[in-house]
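[1] Got a predicted structure here, sequence first:
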Protein chains: 2
Amino acid sequence: MAFSNTTLTRPAPAALSGALEALAARFGNHLITSQAVRDQHAHTTSWLPPQPPDAVVMAQTTADIQDVVRICAAHRVPVIPFGTGTSLEGQVNAPAGGISVDMREMNRIIAVHADDLDCVIEPGVTRKALNEHLRDQGLFFPIDPGADASLGGMASTRASGTNAVRYGTIRENILALKVVGANGEIITTGTRAKKSSAGYDLTHLFIGAEGTLGIIAEITLKLRGIPQSIAAGACSFATVKGACDATILAIQTGIPVARIELLNAAQVKACNAYSKLTLPETPLLLLEFHGTEADVAEQSRLFGEIASECGAGGFEWATRPEDRTRLWQARHDAYWAVKNLRPGAQGIATDVCVPISRLADCVVETEDDMNRSGLEGPIVGHVGDGNFHCSLLLDVDDPAEVARADAFLHRLVERAQAMGGTCTGEHGIGQGKQKYLEGELGPEAVQAMRTLKAAFDPHNILNPGKILPA
Amino acid sequence: MAFSNTTLTRPAPAALSGALEALAARFGNHLITSQAVRDQHAHTTSWLPPQPPDAVVMAQTTADIQDVVRICAAHRVPVIPFGTGTSLEGQVNAPAGGISVDMREMNRIIAVHADDLDCVIEPGVTRKALNEHLRDQGLFFPIDPGADASLGGMASTRASGTNAVRYGTIRENILALKVVGANGEIITTGTRAKKSSAGYDLTHLFIGAEGTLGIIAEITLKLRGIPQSIAAGACSFATVKGACDATILAIQTGIPVARIELLNAAQVKACNAYSKLTLPETPLLLLEFHGTEADVAEQSRLFGEIASECGAGGFEWATRPEDRTRLWQARHDAYWAVKNLRPGAQGIATDVCVPISRLADCVVETEDDMNRSGLEGPIVGHVGDGNFHCSLLLDVDDPAEVARADAFLHRLVERAQAMGGTCTGEHGIGQGKQKYLEGELGPEAVQAMRTLKAAFDPHNILNPGKILPA
């Protein structure tokens, strides 16, 4: 037994060759059919087996996306949008074949409106490229999922990451989209106004839809001023519960923590080994505060008080960049530290999210379950949001281990859902989590989603086989 | 000429009497058909003429809503959800007749989860009742549209108000909904997890849909801790531009202002006359800061510096409740002060919202237009969001004045849209703004909205005649 994907019915060979012919005529050498490039577009960071598309179009303009969609619609051939391929649940796989539309060359920053704290960009702009561009104007875009993902991909998977506790997820940071619908027309979902009550919320309809309702061609994002001062802190606790209690109190008190990350003992141990650190091998909180110098000092002082009430073993904080870097080193290297525990093993990053009052229970029960199951998977969490990742390591060629992991993953999701949480805080459903959707929201919600899909994509050509179970 | 409403085709008399018979059998004296009560359910704060329903059901439970919808669906009779009747664009009118479902007795607070900063409530709970209930736990719900609206109504119109600059609109403060769909089934849109990437965003689909896609039966809201300290400030400027520049700088600097409200000279003059104040009759900013004592002092200090850079005539601030009350008196009384200018006149509250860099232009051009048009309408604005209200006063029995007002309202919306803004920041489309939707978002977006409506309410029984032009 190994992890597997659903395969869907492929288009008839004549339909596919008709589409490829029309695409070749329209796109010339921006249409690529080499096996290597096709494989590249399914070779992602996902733990799911790759399913390459039949061809790739390197889109340059919105009109290109429209033409791909129109040609594919005419021949009933699937279209799969592709950003940087850093999605984790098989979102860019092509289970029915079809055409991958690569957005990496649609990477123009169309406008930055500094006074309005917004910008308009193409979907292929990556997070780091955007922040590089903004820095000189004293602005930044706060959503940081770790990977240097494209903004189109982040919008499509409803991404978040370490800054969400203060700045929200990408859902709260998009003002408007231009989206190419299944008929090739462009839908404008909003304006640059900071808020609006003008009709149905089309913006949020497409955010998190994983390209199954339309393809994002332009994004208007909210920006922030780079804080005057940034301070970081680290704090060890005897128990996960102590760390979670400190987090809850900090949030209730209204401390506007910018980042608050939990590393469990196993993760700290992995970091010590990999990064040659000597952190106490107990649960650790890493924090970042943003504001004026006075703000940051006050936030740090308040958090220090809370942490010691919750049994922390000392709170260390720093405003100097080099000290911040040292403190966050463990977090930045967490992924490599885990990989280093078992070179060659497949990593599976889970992302359940629970109400914060249940986080300690969920993490501790998950640690116990992992131990009982003979599995290894250090835990890091966006603890301010109740969201944590268990980085499971396993040998996918060992059927017994895969079976134990599969059962463990099911129990993890069921545990989170039973606590009022979700199977996915930030990675999306893709192919990997379809089986959990009905258990989370009920059959009526899944039916409502099917209604949406059928209404917006009646021929099921937009990224088929994602989100909704076949 | 007077303002008028579209009338839609009413159900056949046999269909209506069939529905009423079934409703009477099911609801007994919770079904009310008296003219007085029917009139009450169309007599709202809107400037649009009332269109009463054929009957009212006082819903007590979600099952009641389900049964009203099922009976009405079977007979093809409209269902109009009713909260407190404080909507402004005719949202509770019954242009095709039908049954008003009154939610005021569905006002239970089902659960408060203090550690998670969330609560679960029925849709008839009002903003003030909720905050009253939460106060002892040190919590509050920040969205304040002025009126003591029901949370179901606020969700349905995507309401916001004075606190949105810091806490977001109701859109950012709802975690999940239970919604009765057009077939009477209950759709659960989310969990209590703070974030999720699990499938399509059904929560935001129903927020702002004005009851046209489903009827909200339960709401899970985000809450906040009551700030340790609250300070208020007031600041006069020579020009609207000075006030707007100070606001832009404050936001760019990242000062987490809780409220920042603009009163134009005409509004300050009205407030002086009504509230016996002696404020300088120039543009005024009213501010509120939330945080610890140190935070609030720092925010006030920073804002004071910015204000004087922008030509403010002195910044007065206060942390004592009685001083705060005095400073905010003018804002709280703004509505009555305006009404007092011309007793008996009809007020029309506009709510365009523009990118903040265009706000000064939009306000000044609107003041000029009003003067040229011989109209009167003081302006108050949620200036941190670029959203402002012009409280137009007019004699609806004077056809010439109505015609001038109608032309002015059109120009105001077109001005805001041309600046990249929206026709409605927080009141919704209802009946009054349908003609502006296509100009704002284009025909493709309106078509996408029609697709949504047809998919979720194929027989057009849920609040027909709202949002989408006939």
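    It's in.
[2] show me where the stretch 1-150 of chain A has helices.
    A:13-27, A:35-40, A:62-75, A:127-134 (DSSP state H, counting those that start in this stretch).
[3] which residues are contacting the second one?
    In this structure, residues lying in contact with helix A:35-40 by CB atoms under 8 Å, 6 or more residues apart in numbering or on different chains are A:32, A:50, A:52-56, A:85, A:100. Every residue, glycine included, has its C-beta placed from N, CA and C.
[4] go again using 10 Å as the cut-off
    Helix A:35-40 has contacts (CB atoms under 10 Å, 6 or more residues apart in numbering or on different chains) with A:32, A:34, A:43, A:50, A:52-56, A:58, A:82, A:85, A:94, A:97, A:100, A:102.
[5] can you name the two of those residues that are farthest apart?
    A:Pro50 and A:Met58 (19.5 Å; CB to CB).
[6] More neighbours: these two, which one.
    Legend: neighbour count by other CB atoms under 10 Å in any protein chain shown for A:Pro50 and A:Met58, higher for A:Met58 (20 against 17).
[7] tell me the most buried of the helices of the stretch 1-150 of chain A?
    helix A:62-75 (a mean of 21; mean count of other CB atoms under 10 Å in any protein chain shown).
[8] Format the helices of the stretch 1-150 of chain A as a markdown table; extra columns: mean pLDDT.
    Output for the helices of the stretch 1-150 of chain A, formatted as a markdown table (pLDDT from 0 to 100):
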| stretch | mean pLDDT |
| --- | --- |
| helix A:13-27 | 98 |
| helix A:35-40 | 96 |
| helix A:62-75 | 98 |
| helix A:127-134 | 98 |
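[9] okay, those in a markdown table with distance to A:Pro256 next?
    Converted to a markdown table, these look like this (distance: least, CB to CB, whole Å):
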| stretch | distance to A:Pro256 |
| --- | --- |
| helix A:13-27 | 48 |
| helix A:35-40 | 41 |
| helix A:62-75 | 37 |
| helix A:127-134 | 20 |
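[10] closest to B:Ile215 out of those?
    Using CB to CB, these put helix A:62-75 closest to B:Ile215, at 35.0 Å.
[11] now for that closest one, which elements pack on it?
    helix A:13-27, strand A:55-58, strand A:79-82, strand A:99-102, strand A:174-180, strand A:186-188, strand A:215-222 (3 or more CB pairs under 10 Å, 6 or more residues apart in numbering or on different chains; DSSP states H and E).
[12] Return the alpha-carbon coordinates of it using CSV.
    C-alpha atoms of helix A:62-75 as CSV (Å, rounded to 0.1, in the frame of the first residue of the first chain):
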residue,chain,number,x,y,z
THR,A,62,-4.8,38.0,-19.0
ALA,A,63,-5.8,37.6,-22.7
ASP,A,64,-3.6,34.5,-22.8
ILE,A,65,-5.5,33.0,-19.8
GLN,A,66,-8.8,33.8,-21.6
ASP,A,67,-7.7,32.1,-24.8
VAL,A,68,-6.4,29.0,-23.0
VAL,A,69,-9.8,28.7,-21.2
ARG,A,70,-11.8,29.4,-24.3
ILE,A,71,-9.9,26.8,-26.4
CYS,A,72,-10.0,24.2,-23.6
ALA,A,73,-13.7,24.9,-23.0
ALA,A,74,-14.5,24.4,-26.7
HIS,A,75,-12.7,21.0,-26.6
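[13] chain center to that helix: distance?
    27 Å (CA atoms, centre = their mean, to the nearest Å).
[14] between that helix and strand A:174-180, how big is the angle?
    Per axes from the mean of the first three to the mean of the last three CA atoms, to 10 degrees, the angle that helix A:62-75 makes with strand A:174-180 is 50 degrees.
[15] for the stretch 101-250 of chain A, what spans make up the strands?
    Counting by DSSP state E, counting those that start in this stretch, the stretch 101-250 of chain A has strands at residues A:109-113, A:118-121, A:139-140, A:174-180, A:186-188, A:215-222, A:224-225, A:229-237.
[16] Please name whichever of those is nearest to B:Thr247.
    Comparing those by CB to CB, strand A:224-225 comes nearest, at 13.7 Å.
[17] what is the rounded mean pLDDT of the closest one?
    Strand A:224-225 carries an average pLDDT of 95.
[18] thinking again about what came up before, and of the helices and strands packed on helix A:62-75, who's closest to A:Tyr436?
    Closest among the helices and strands packed on helix A:62-75, using CB to CB: strand A:79-82, at 22.2 Å.
[19] Are there helices or strands packed against that closest one, and which ones?
    Looks like strand A:79-82 contacts strand A:55-58, helix A:62-75, strand A:99-102, helix A:151-157, strand A:215-222 (3+ CB pairs under 10 Å, 6+ apart).
[20] Centre of the chain to that strand, how far?
    That offset, for strand A:79-82, works out to 17 Å (CA atoms, centre = their mean).
[21] And for stretch A:341-360?
    13 Å.
[22] Phi, psi for A:Gln267 please.
    With angles defined as degrees, to the nearest 10, A:Gln267 sits at phi -70, psi -40.
[23] Average pLDDT for stretch A:194-211, rounded please.
    Mean predicted lDDT for stretch A:194-211 stands at 98.
[24] distance between the ends of stretch A:50-63?
    29 Å (CA to CA, to the nearest Å).
[25] ditto for stretch A:142-152
    Across stretch A:142-152, first to last residue, CA to CA, it's 15 Å.
[26] Also stretch A:106-117?
    First residue to last in stretch A:106-117 (CA to CA) measures 22 Å.
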